[in-house]
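Peer 1: The sequence isn't on hand, but the structure is:
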């Protein structure tokens, strides 16, 4: 089965980027989240503007009756015959909110033609271009966006001058800026503002596309003037999210040439060393960050230790931070997450409960506790815990997980109602809910129903790559391998350099022992774009295993698991070890992975084949 780990989840991409950067994208996304009725003027009948006005009225009527596709298409027609930038702007926003990519591309292209220097226009043009994998077009828009940020930064007076306080540093109180040692100089402040704008753009692009595609576009678009320490660090974070540690290291080292104590750049560099497998350099870099900032750097050192699987040392570092005066709630939160990630559910439960009892818990804390209850084999208790979160900030995750447990118990109607009720109250999440429902149904033996849902979704969201990709996944899951391969090949013909598709097709062929040389070539092309992606490294190891090369497969799969700690990769690694005669090591690998993820279906299926009597 094509594993879910191969899908580059947008939410995962965002968590890998600096939290402040991810939040910054809200200002650019806000226009797409709320589409208020437009009030077009009334031009003379028979003029092109009259046609645009009529199409606008039709679009608004369609929106009111909930027909997002008709609204998007009518607005796109209105935009095509109009020179009114506000109308074209709204057409783009409506089509993006409705996830109608052909209409969004038509409207965004028109907006870009009418106002090529418009900041928001360039941002949304780049977002749609990347979603459709029009990388060259995205680069053009990103370059124009950067130039507009430079112009705005230069035009804004620094603190103490006419125009009021510097928005990058706040009111002119005489305090040093936390971003620039000793206070931000007048020269540094414009660079900070421009970097903040690029952070907003990056967050928007990651909402709409995958990190490797965003990195490909942004790194090829930014001019030498954009290589300030702040922007270099942003690119380093992006490179980490795009699974390219070498580029992340290069960006971080360039930033550190400007300021050797730059905490954000040191963080990127330490993480890059972790991916490279250079533990000594990773720890040395993290300790340097700690020497400059004992609290922030100490937390980073604990993260690096955890990433290196040195769990006890990470635990000790966090407890040391507590005694040194670090915020107790943050220490407790990280200790709980550390225990959960390492499979120590007893300690994780205790620490999450302590967070709740101290008033420091959040909806996410409760979600972890519900997950622990599910892992402990108490579906009733888990469903009850998820139910308390049905209207929370983690409602979609809670409802989806509860629905999965209900489907396990054949409570199909109740499970689907959970998602349908949420969709009725949150129409902006309709597409995500449809995809979630299709996957759940496929995972529970109803692939045909899931495929029917996706077919209906394609009617509402034509040519949408996420729907088309999920369709290929479910086709393979249902045993329609030839159709799945055809679907992936068709998508790849339109997006020939998309590493997600290259990897997915290569893995599907390898997993069914089809065209192994071709499969390996596809996977290696994916790795050329994202060389440290654990899913693609797993694919390469798996294709080598299928080709009979267990020795090289073991090394590749071990590296993939070290980077990703995914249970399905562990299943592959263990199978390669078993085939090469290292059966005790295979058992150790499987046992450790099962402790981390006891619910992994691929891992349990592998154990059933090789250790049928294992409990």
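Peer 2: The structure has been received and is ready for your questions. Note that this is a predicted model, so its numbers are computed, not measured. Numbers count the residues shown, from 1 in each chain.
Peer 1: Give me the contact list for the helix or strand encompassing residue 265.
Peer 2: Using DSSP states H and E, residue 265 maps to helix 263-276. Taking contacts as Cβ atoms under 8 Å, 6 or more residues apart in numbering, the residues outside helix 263-276 that touch it are 18, 229, 232-233, 236-237, 239-240, 245-246, 248-249, 251-253, 255-256, 259, 279, 281-283, 285-286, 288-289, 292-293, 296-297, 300, 304, 307-308, 532, 563. Where you see a C-beta, it was placed from the backbone N, CA and C, and this is true even at glycine.
Peer 1: Any of these buried? List them.
Peer 2: 18, 229, 232-233, 236-237, 239-240, 245, 248-249, 251-252, 255-256, 279, 281-283, 285-286, 288-289, 296-297, 300, 304, 307-308, 532, 563 (16 or more other Cβ atoms under 10 Å).
Peer 1: excluding its backbone neighbours, what's nearest residue 288?
Peer 2: residue 266 (6.2 Å; Cβ to Cβ, 6 or more residues apart in numbering).
Peer 1: helices or strands next to the host helix or strand of residue 302 in the packing?
Peer 2: Element membership for residue 302 (DSSP H and E) is helix 294-307. Where contact means 3 or more Cβ pairs under 8 Å, 6 or more residues apart in numbering; DSSP states H and E, helix 294-307 is packed against helix 263-276, helix 279-292, helix 311-323, helix 328-341.
Peer 1: Just want the angle from the third one to helix 294-307.
Peer 2: Going back to what we said before, that points to helix 311-323. 170 degrees (axes from the mean of the first three to the mean of the last three Cα atoms, to 10 degrees).
Peer 1: quick one: contacts of helix 311-323?
Peer 2: If you take Cβ under 8 Å, 6+ apart as the criterion, helix 311-323 is touched by 295, 298-299, 301-303, 305-306, 328, 331, 334-335, 338, 342.
Peer 1: can you do 7 Å?
Peer 2: Outside helix 311-323, the residues that touch it by Cβ atoms under 7 Å, 6 or more residues apart in numbering are 295, 298-299, 301-302, 305-306, 328, 331, 334-335, 338, 342.
Peer 1: Would you reformat the residues you listed as TSV and include neighbour count and pLDDT?
Peer 2: Formatted as TSV, the contacts of helix 311-323 follow (neighbours: other Cβ atoms under 10 Å; pLDDT from 0 to 100):
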residue	neighbour count	pLDDT
295	14	95
298	21	96
299	23	97
301	26	97
302	26	97
305	24	97
306	21	95
328	12	92
331	22	96
334	21	97
335	23	97
338	21	96
342	20	89
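Peer 1: Just give me the closest of the residues you listed to residue 142.
Peer 2: Comparing the contacts of helix 311-323 against residue 142 with Cβ to Cβ places residue 299 closest, at 32.2 Å.
Peer 1: ok, now how distant is the closest one from residue 326?
Peer 2: Residue 299 is 7 Å from residue 326, where distance means Cβ to Cβ, to the nearest Å.
Peer 1: what does residue 355 give?
Peer 2: Distance from residue 355 to residue 326, by Cβ to Cβ: 15 Å.
Peer 1: try residue 506
Peer 2: Distance check for residue 506 against residue 326: by Cβ to Cβ, it reads 45 Å.
Peer 1: Counting neighbours, go ahead and name the busier of these two.
Peer 2: residue 506 (29 against 18; other Cβ atoms under 10 Å).
Peer 1: Shouldn't the more buried one be within a helix?
Peer 2: Yes. According to DSSP: H, G, I helix; E, B strand; the rest coil, residue 506 belongs to a helix.
Peer 1: show me what contacts it?
Peer 2: Residue 506 neighbours (Cβ under 7 Å, 6+ apart): 519-520, 522-523, 526, 539, 543.
Peer 1: what's the answer for residue 262, then?
Peer 2: Counting by Cβ under 7 Å, 6+ apart, residue 262 has contacts 229, 233, 255-256.
Peer 1: do the same with residue 484
Peer 2: Shown in contact with residue 484 (Cβ under 7 Å, 6+ apart): 472, 475-476, 508.
Peer 1: what do you get for residue 77?
Peer 2: If you count contacts by Cβ under 7 Å, 6+ apart, residue 77 has them with residue 55.
Peer 1: what pLDDT does it get?
Peer 2: As predicted, residue 77 sits at a pLDDT of 95.
Peer 1: distance of it from residue 144?
Peer 2: Counting by Cβ to Cβ, the gap from residue 77 to residue 144 is 26 Å.
Peer 1: go on, residue 90?
Peer 2: 21 Å.
Peer 1: between these two, which one's more packed in?
Peer 2: Using other Cβ under 10 Å, the more surrounded residue of residue 90 and residue 144 is residue 90, with 25 against 21.
Peer 1: what helix or strand is that one on?
Peer 2: helix 85-97.
Peer 1: just for this structure, where's the confidence low?
Peer 2: Residue ranges of the chain with pLDDT under 70: 1-50, 154-189, 614-615.
Peer 1: Let's see that with 80 instead.
Peer 2: 1-50, 152-194, 223-226, 613-615 (pLDDT under 80).
Peer 1: hmm, back to that, list the buried residues in the helix holding residue 90.
Peer 2: So for helix 85-97, counting by 16+ other Cβ under 10 Å, buried means 87-97.
Peer 1: A helix includes residue 83, no?
Peer 2: No. Counting by three-state DSSP, one finds residue 83 to be coil, located in no helix.
Peer 1: going forward, begin numbering at 12 instead of 1
Peer 2: That works, and once the first residue is 12, the last one we named lands at residue 94.
Peer 1: I figured it hits residue 125, correct?
Peer 2: Yes. Shown here, residue 94 and residue 125 form a contact pair, counting by Cβ atoms under 7 Å, at 6.2 Å.
Peer 1: Of those two, which one has the most company?
Peer 2: Using other Cβ under 10 Å as the criterion, residue 94 and residue 125 rank with residue 125 on top: 16 against 13.
Peer 1: check contacts around that one.
Peer 2: 94, 96, 99.
Peer 1: How far off centre is the helix holding residue 276?
Peer 2: Centroid separation for helix 274-287 versus its chain: 19 Å, with Cα atoms, centre = their mean, to the nearest Å.
Peer 1: now it and helix 305-318, what's the angle there?
Peer 2: On the basis of the same axes, to 10 degrees, helix 274-287 is oriented at 10 degrees to helix 305-318.
Peer 1: Can you point out the buried residues in helix 274-287?
Peer 2: Using 16+ other Cβ under 10 Å as the test for burial, helix 274-287 gives 274-286.
Peer 1: Kindly report the same for stretch 378-388.
Peer 2: Within stretch 378-388, the residues that count as buried by 16+ other Cβ under 10 Å are 378-386.
Peer 1: Of these, which is the nearest to residue 470?
Peer 2: For the buried residues of stretch 378-388, the nearest to residue 470 is residue 378 (33.3 Å; Cβ to Cβ).
Peer 1: Please name the nearest non-neighbouring residue to that closest one.
Peer 2: residue 405 (4.9 Å).
Peer 1: hmm, back to that, how about the buried residues of helix 96-108 in TSV, adding distance to residue 425?
Peer 2: Listed next are those as TSV, based on distance: Cβ to Cβ, whole Å:
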residue	distance to residue 425
98	45
99	45
100	43
101	40
102	40
103	39
104	36
105	34
106	35
107	34
108	30
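Peer 1: wait, which of the residues you listed is closest to residue 472?
Peer 2: For the buried residues of helix 96-108, the minimum distance to residue 472 (Cβ to Cβ) is 10.3 Å, reached by residue 106.
Peer 1: For the closest one, give its distance to residue 480.
Peer 2: From residue 106 across to residue 480, the span is 20 Å (Cβ to Cβ).
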